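Peer 1: pasting the structure only:
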């Protein structure tokens, strides 16, 4: 529902300073839906906390696609999101291309 609300603001500038979805049951599919909402022109989230959600490697890939595209997320918390080696590789690739991400938390990344 949050992703739909963000995406529904298309045509309007919608900036959230902080979006906390800590321990919210977000799945890899939920991370994909959120990433689609964050790609809508005029929508941005400066600080995104997805910690303690089982987004796994595929969900991390979707979120890092947003970072890779240059959408200005400054702080991203992916602690305890069940991210393995493939997801970490996606994170590293996105970080190499991003200029906006200043803070990244990956603590306890494995299930």
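Peer 2: Looks like it came in fine. As the structure is a computational prediction, the values presented were derived from the model and not from experiment. Numbering: from 1, shown residues only.
Peer 1: got the contact list for the nearest residue to residue 25 once chain neighbours are set aside?
Peer 2: The shortest distance from residue 25 to any non-neighbouring residue, by C-beta to C-beta, 6 or more residues apart in numbering, is to residue 53 (6.9 Å). (C-beta placed from N, C-alpha, C; glycine too.) Residue 53 is in contact with 21-27, 30-31, 59, 81, counting by C-beta atoms under 8 Å, 6 or more residues apart in numbering.
Peer 1: at 10 Å instead, please
Peer 2: Neighbour list for residue 53: 21-28, 30-31, 59, 78-82 [criterion: C-beta atoms under 10 Å, 6 or more residues apart in numbering].
Peer 1: Then residue 95?
Peer 2: Neighbours of residue 95 in contact, by C-beta under 10 Å, 6+ apart: 64, 67-68, 76, 101, 104.
Peer 1: For it, what are phi and psi?
Peer 2: Per-residue torsions, residue 95: phi -60, psi -30 (degrees, to the nearest 10).
Peer 1: And the helices in the protein, which stretches?
Peer 2: Taking DSSP state H, the helices of the chain run over residues 2-7, 28-38, 56-68, 85-97.
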